[in-house]
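Q: coordinates for the following, if possible.
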Amino acid sequence: LSNPSYSPELMGKVTLVNYCLTREGLNDQLLNRVVCHEKPELEEQFSQIVDNMASNTNLLVAIENSLLRELSSAQGNILDNEDLISTLEQAKKKATEIKRKISEAQTAKEEINKARSLYKPVSRRGSTLYFASSGLSIIDPMYEMSLESFLKQFVGALDQADEDDSLEVRLQNLIDSCMQL
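A: Numbers count the residues shown, from 1 in each chain. Down below sits the predicted model:
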């Protein structure tokens, strides 16, 4: 249903969720597929960096929460509490190291994104093809295509593209192969 209209009573009881696919979302999904196909080690490194950044950020939040909990439960003058001061110093060292790791990971992520961006023309072409072909279903329902089916055909087209040592030629071969879906 592209624009559903229900009674107010029904709308009060139901939550509508729009699962429409956006062009940007499909571009990202296809870029992941292309990079995974062409440079699997780059995609693996990218996912590891994202995972490490998330875990380090969670660890940093946990340290901050732990410090706040200890400070709120401290009795008397906190400057006289040796255990609390040593805990604060250790937490500061850990937090500084985690922030350094996050910064290094961010730099590495930017470098990987530069390398991944070389494959964006292929993902943009694939996205354009999907939305053009999905628009054909307006003409005749026979032309309906699921995203899953399109992704299988897209990866199949990547497999069939002619190999080449030159990246520019390889990208053009990938695009040409996609156009023959």
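Q: so which residue is dead centre in the protein?
A: D28 (7.3 Å; C-alpha atoms, centre = their mean).
Q: now that residue. Nearest residue, chain neighbours left out?
A: Excluding the flanking residues, the one nearest D28 by C-beta to C-beta, 6 or more residues apart in numbering is S123, at 7.7 Å. (C-beta placed from N, C-alpha, C; glycine too.)
Q: in which helix or strand would I find the one you found?
A: Element membership for S123, per DSSP states H and E: helix 120-135.
Q: what is that helix packed up against?
A: helix 23-38, helix 147-160, helix 167-179 (3 or more C-beta pairs under 8 Å, 6 or more residues apart in numbering; DSSP states H and E).
Q: out of these, which comes closest to D140?
A: For D140, the closest of these is helix 147-160, at 16.7 Å, according to C-beta to C-beta.
Q: and the closest one, how far from the chain's centre?
A: 20 Å (C-alpha atoms, centre = their mean, to the nearest Å).
Q: next one: stretch 90-99
A: The answer for stretch 90-99 is 27 Å, by C-alpha atoms, centre = their mean.
Q: now do the buried residues in it.
A: Using 16 or more other C-beta atoms under 10 Å as the test for burial, stretch 90-99 gives I98.
Q: and stretch 77-90, by the same measure?
A: Neighbour-count burial for stretch 77-90 flags 81, 84 (criterion: 16+ other C-beta under 10 Å).
Q: okay, and for this structure, where does confidence drop off?
A: Low-confidence segments of the chain, defined by pLDDT under 70: 1-4, 11, 15-18.
Q: give me the longest helix you can find in it.
A: If you go by DSSP state H, the chain has its longest helix at helix 82-117.
Q: ok, back up a step: tell me how far the residue nearest to D28 lies from S72.
A: 49 Å (C-beta to C-beta, to the nearest Å).
Q: can you check T22 too?
A: For T22, the distance to S72 - C-beta to C-beta - is 44 Å.
Q: who's more crowded, the two?
A: Under the neighbour definition other C-beta atoms under 10 Å, T22 and S72 were set side by side, and T22 has more, 10 against 7.
Q: distance check, the more buried one against Y130.
A: In terms of C-beta to C-beta, T22 sits 11 Å off from Y130.
Q: returning to that earlier point: quick one: contacts for the residue nearest to D28?
A: 27-28, 30-31, 33-34 (C-beta atoms under 8 Å, 6 or more residues apart in numbering).
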